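J.: Quick one, fold the following:
(2 chains)
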Amino acid sequence: MKKNRALIVPFALWAFLFILVPLALIVWYGVTVEESVPYTEIAQADGSVAYRLEDGSVVAERPWQKRTVLSITNFKRMLEPTYLRLLARSLRVALVTTLVCLLLGYPVSLILTGRDFKHPALWLMLIILPMWMNFLLRTYSWMSILENSGILNSWLAGLREAAPAVDRLLNRMGIEDRVIFLYNEKAVVLGMVYNYLPFMIMPIYTVIEKIDRSLLEAAADLGANPVKSFVRVTLPYSIPGVLEGITMVFVPSVTTFVVSQLMGGGKVPLIGDIIQNQFGKSSDWHFGATLSLLVMVVVLAFMGTLNRVDKEDGEEVRIF
Amino acid sequence: MKKLRKAYIGLIMVFLYAPILLLVLYSFNDSRSRASWGGFTLRWYAELFRDRAILSALGTTLSIGLLAAAISTLLGTFGAIALFQMRRRPRRALLSVVNLPMLNSEVVTGVSLMLLYALLHVQLGYATLLLSHIAFCVPYVVLSVLPKLRQLDPHLSEAAQDLGATPMQGFLRVVLPDIMPGVFSGFVMALTMSIDDFLISFFTTGSGVSNLSITIYTMAKRGISPKINALSTIIFACVFFLLIGLNLQDLRKEARAKAKVESVRIPY
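T.: The predicted structure is shown next:
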């Protein structure tokens, strides 16, 4: 192909305007605050009050202008225990979600790429398909399964009625008539695992599928049992997919605010909820930007520790 | 062991599909409450087509999805080609900038775009929603086209030009067909991301423009109308049968190819 500068310029411009400038704006808003223009009151000879601004000019009206100044106020506020606790909870929820997704998803990828299923691609598609139903709706649907008068509880009640032995057993285990599934951290984790599980399965499946079968055959020929050939061949080769999956689950789960609002019923606010609040109800964009900066730093630090393989020659991203 | 493995996949499928099945059931439930079954009905489907708010949200979702996917596929494909032709160092720099939105959480992307529109004094609405969707879709297209470009045989387009093709013809006849699978999967991915997006839309729309996600979010506080369940059932059924159909076609082709190979083999 002939080099074509005409292609590079518009693309680079786009990347600049829609990626770099917005991020720079977050940084700018994050390190500044708005404050009223400072002034001093001076009594006039006729008894009225005038106002002297910093530059020495005197005005008759009380100054109302705001100005933007560099300040670390928001950083100090961010380090208050309230917000640190929120951050800790967000990280905990995200880590647990990622771990559960990995533990549930890795076997799925492993089994699908094995010989049990004739059409693994079809099954993978079935796993991805739920993502076509709006994720708010899917989460909402979980609520109707789990809520106090929901399906699980009514099944439980039915079971108790039908089998008194079960009823006694459950009572002895200290399980009440109505089990409260919703509005706690576990429910939030469940909602996130449900929404992000396909993101874990996809990349791991893609990598395991690409492993040269002859390697596994060679391992078997050389006397490795299935467990050993998994540990020595499949597992090391699948690490890039695992890292990709961890990223794809962890990043959205640190900051989402919808799942926590629905499944947590507002009782389990996460850092994302607070950010949303700052740009909505409380309307403190500067503090919201500071919190966004914090989240960015945390996510980047996480990725750094994951020691990501260079993306330059990275995996192909595919859904279907 | 094999049964155990199959059972595990079965359980995961139950986990993934239980809420969806429930939504489908509710869409036929002749009772507004989620707690009880009031008999089979199609009235939510009938009412759905009279509900202006939902239909206009659906229209917004679809038009934004298709427009954003089309534009970001164009931008992303040409962007990938541009990246591919750059020298190593600037390419790395630009590529890591393009990857940023994928590393960033959606909330941060949404907020940052909102600040951009505030800076430029652009009124939030349909245009900003579309621009934002394009912005977060482009990286996915770039990432699905780039690997295809890397697999491309560079001699092919040279050969085309040696044989008298203009660069444009060379591109259209040689390069494009080869990278088409990547372009197509980029388009599908962009469409999927756009239709399912809530967080970025939430921060970048305004003036009463609302897509399905936002409509559902607003509804979730008061209780979701069964009409939305009906709509989602329709959408899900369409996608389901479309994809199953496409996949079955592939499988059938595969089977036919295998059968041919075998029929050739038998005489030996």
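J.: Return the set of buried residues in stretch B:25-36.
T.: B:26, B:27, B:28, B:29, B:34 (16 or more other C-beta atoms under 10 Å in any protein chain shown). The way it works is simple: take the backbone N, C-alpha and C, and place the C-beta from them, glycine included.
J.: Take those residues and keep only those in helices.
T.: Among the buried residues of stretch B:25-36, the ones falling in helices (DSSP state H) are B:26, B:27.
J.: What score does residue B:149 have for pLDDT?
T.: Looking at residue B:149, its pLDDT reads 87.
J.: Just send the buried residues of stretch B:25-36 back as CSV, with pLDDT and distance to residue A:93 too.
T.: Shown next, in CSV, are the buried residues of stretch B:25-36 (pLDDT from 0 to 100; distance: C-beta to C-beta, whole Å):
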residue, pLDDT, distance to residue A:93
B:26, 87, 28
B:27, 90, 31
B:28, 92, 35
B:29, 88, 33
B:34, 70, 26
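J.: how about residue A:40, secondary structure?
T.: strand (DSSP: H, G, I helix; E, B strand; the rest coil).
J.: Among the buried residues of stretch B:25-36, list the two that are farthest apart in space.
T.: B:28 and B:34 (13.1 Å; C-beta to C-beta).
J.: Would you state the predicted confidence (pLDDT) at the residue in the stretch 101-250 of chain B positioned nearest to chain A?
T.: Residue of the stretch 101-250 of chain B nearest chain A, by C-beta to the nearest C-beta: residue B:112 (3.4 Å). Looking at residue B:112, its pLDDT reads 94.
J.: Quick check: chain neighbours aside, which residue is closest to it?
T.: Closest residue to residue B:112 apart from its sequence neighbours, by C-beta to C-beta, 6 or more residues apart in numbering or on different chains: residue A:22 at 3.4 Å.
J.: Verify the contact between that neighbour and residue B:117 for me.
T.: No. Using C-beta atoms under 8 Å, residue A:22 is not in contact with residue B:117, being 9.2 Å away.
J.: neighbour count winner among the two?
T.: The neighbour count for residue A:22 versus residue B:117, taken as other C-beta atoms under 10 Å in any protein chain shown, is higher for residue A:22 (25 against 20).
J.: so what's the more buried one up against?
T.: Residues near residue A:22 by C-beta atoms under 8 Å, 6 or more residues apart in numbering or on different chains: B:109, B:112, B:113, B:115, B:116.
J.: Would you map out the domains in chain B?
T.: B:46-224, B:226-268 (automatic domain parsing).
J.: can you give me the end-to-end distance of the first one?
T.: I take that to be domain B:46-224. Counting by C-alpha to C-alpha, to the nearest Å, you get 17 Å between the two ends of domain B:46-224.
J.: Distance from the chain centre to it, please.
T.: 9 Å (C-alpha atoms, centre = their mean, to the nearest Å).
J.: Kindly give the local confidence score, pLDDT, for residue B:265.
T.: In this model, residue B:265 carries a pLDDT of 52.
J.: ugh, typo on my part, it should be residue A:307
T.: At residue A:307, the model reports a pLDDT of 59.
J.: where exactly do the helices run in the stretch 201-320 of chain A?
T.: A:213-221, A:226-229, A:235-255, A:258-263, A:271-279, A:285-306 (DSSP state H, counting those that start in this stretch).
J.: for those, which one sits closest to residue A:198?
T.: helix A:235-255 (9.3 Å).
J.: tilt between that closest one and helix A:285-306?
T.: 170 degrees (axes from the mean of the first three to the mean of the last three C-alpha atoms, to 10 degrees).
J.: if you average pLDDT over helix A:235-255, what comes out?
T.: Across helix A:235-255, the per-residue pLDDT values average to 89.
J.: Need phi/psi at the residue nearest to residue B:112.
T.: Taking degrees, to the nearest 10, you get phi -60, psi -40 for the backbone angles of residue A:22.
J.: what's the answer for the one 3 residues further on, then?
T.: Residue A:25 has phi and psi values of phi -60, psi -40 when expressed as degrees, to the nearest 10.
J.: Show the contacting residues for the residue nearest to it when sequence neighbours are not counted.
T.: Nearest-residue entry for residue A:25: residue B:115, 4.1 Å, with adjacent residues in sequence omitted and distances by C-beta to C-beta, 6+ apart. If a contact means C-beta under 8 Å, 6+ apart, then residue B:115 has A:22, A:25, A:26, A:29, A:285, A:289 as its contacts.
J.: just the buried members of those residues?
T.: The neighbour count (16+ other C-beta under 10 Å) marks A:22, A:25, A:26, A:29, A:285, A:289 as buried among the contacts of residue B:115.
J.: Report whether the third one is found in a strand, as I expect.
T.: No. When the secondary structure is assigned by three-state DSSP, residue A:26 falls in helix instead of a strand.
J.: what's the neighbour count on the closest residue to residue A:11 other than its chain neighbours?
T.: With C-beta to C-beta, 6+ apart as the measure, residue B:79 is the residue that lies nearest to residue A:11, at 4.0 Å, once sequence neighbours are left out. Residue B:79 has 27 neighbours, counted by other C-beta under 10 Å.
J.: for residue B:79, what are its contacts?
T.: A:7, A:11, A:14, A:15, B:98, B:138, B:141, B:142.
J.: Please list the members of these that lie in helices.
T.: Using DSSP H, the contacts of residue B:79 in helices are A:7, A:11, A:14, A:15, B:98, B:138, B:141, B:142.
J.: what's the longest helix in chain A?
T.: Using DSSP H to define each element, chain A has its longest helix at helix A:81-113.
J.: Quick check: buried residues in that one?
T.: By 16+ other C-beta under 10 Å, the buried positions in helix A:81-113 come out as A:83, A:86-87, A:89-91, A:93-98, A:100-102, A:104-113.
J.: Run through the neighbouring helices and strands of it.
T.: Contact partners of helix A:81-113 among helices and strands, from 3 or more C-beta pairs under 8 Å, 6 or more residues apart in numbering or on different chains; DSSP states H and E: helix A:120-128, helix A:185-210, helix A:235-255, helix A:271-279, helix A:285-306, helix B:2-27.
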